[in-house]
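Here is a sequence with its predicted model. Questions after.
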Amino acid sequence: MLGLPKSTEIKKVIPKSALFSKFSMNTLAREKFDADVKRITLVGEVSKNTIAINKGENVSSFFVLLVSLKQEKYDEKNIILLSKLIDQNILLILEHENKAKLAIYHTKLMTSDWKPTEEYSITLSGLDLDAVWENIVVQVGKVEIEQGKTLDEQIEKDELRNKLLSEIEKLEKKARSEKQPKKKFELATQVKSLKKQLEDL
């Protein structure tokens, strides 16, 4: 899958009961998970044993997990939980009917867009598995790393930028519907302050 070398392929179904047991999930959590996830299959392992690439300082291997979903609108908490199932880096293929999206948890959950399953492929590029994994995070999360920044620093900066943009949009909408001049001015001042923070980023 994903255009990965045949040597990386595995086919091992992971019973949902193993997940329930590992995380001691209560009945409600099990029902929510079961409402989203039909089947979990381990479909690949990328390591120095399966491809000709050295392990990195932090990443010695990563797994590819195919998650068959019962519905397109899933609860992200279930996907985050899945990413913690195996104590390794995991690339998730979320599949519903004939569409798929990729998901990866690296400081936070990042996902690609839905598109036909067969259109997805991942490029393994880098001198070792640390670099390969970082490049996959960049591909899935569409992260553009600025010069002099690490991947984690860039993700943190992007997240802060998105929060500021969201807050500015919310305050501007509030200011437009505000009737009292004093309150309107206060909101405009807050917006100006947030825009300054955005520029300083």
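Received, thanks.

how about the helices of the chain, start to end?
Per DSSP state H, the chain has helices spanning 16-22, 27-36, 76-83, 129-141, 151-177, 181-200. These are given in chain order.

So which elements touch the longest one?
Using 3 or more C-beta pairs under 8 Å, 6 or more residues apart in numbering; DSSP states H and E, the elements in contact with helix 151-177 are helix 129-141, helix 181-200. All C-beta spots, glycine's among them, are computed from the backbone N, C-alpha and C.

Comparing the ones you listed, which yields the minimum mean pLDDT?
Lowest mean pLDDT of the helices and strands packed on helix 151-177: helix 181-200, a mean of 86.

Stretch 77-92: which residues count as buried?
Under the neighbour-count criterion of 16 or more other C-beta atoms under 10 Å, stretch 77-92 has N78, I79, L81, L82, S83, L85, N89, I90, L91, L92 buried.

go on, stretch 4-24?
L4, T8, I14, K16, L19, F20.

Report the residue ranges of every domain in this protein.
Domain assignment for the chain by automatic domain parsing gives 6-141, 151-200.

Adding distance to G148 and mean neighbour count, write the helices and strands packed on helix 151-177 out as TSV.
Converted to TSV, the helices and strands packed on helix 151-177 look like this (distance: least, C-beta to C-beta, whole Å; neighbours: other C-beta atoms under 10 Å):
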stretch	distance to G148	mean neighbour count
helix 129-141	16	20
helix 181-200	16	12
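
Please render these as a markdown table that adds distance to D152 to the earlier fields.
Formatted as a markdown table, the helices and strands packed on helix 151-177 follow (distance: least, C-beta to C-beta, whole Å):
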| stretch | distance to D152 |
| --- | --- |
| helix 129-141 | 10 |
| helix 181-200 | 20 |
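
Give the residue spans of this structure that score low on pLDDT.
The chain contains no residues with pLDDT under 70.

Quick check, central residue of it?
Note on the chain: the residue nearest the mean C-alpha position is M110, at 2.0 Å, using C-alpha atoms, centre = their mean.

Bridged to it, which residues?
In this entry, M110 is beta-bridged to I104, by DSSP bridges.

if I pick it, what's in contact with it?
A103, I104, V137, V140, G141, V143 (C-beta atoms under 8 Å, 6 or more residues apart in numbering).

one more time with 10 Å, if that's ok
L102, A103, I104, V137, V138, Q139, V140, G141, K142, V143, I155 (C-beta atoms under 10 Å, 6 or more residues apart in numbering).

the longest strand in this protein is where?
Counting residues, the longest strand in the chain under DSSP state E turns out to be strand 37-47.

Buried residues of that strand, list them for me.
V37, I40, T41, L42, V43, G44, E45, V46, S47.

do stretch 114-121 as well
Under the neighbour-count criterion of 16+ other C-beta under 10 Å, stretch 114-121 has T117, Y120 buried.

For it, what is the distance to the chain centroid?
Its chain's C-alpha centre and that of stretch 114-121 lie 16 Å apart, by C-alpha atoms, centre = their mean, to the nearest Å.
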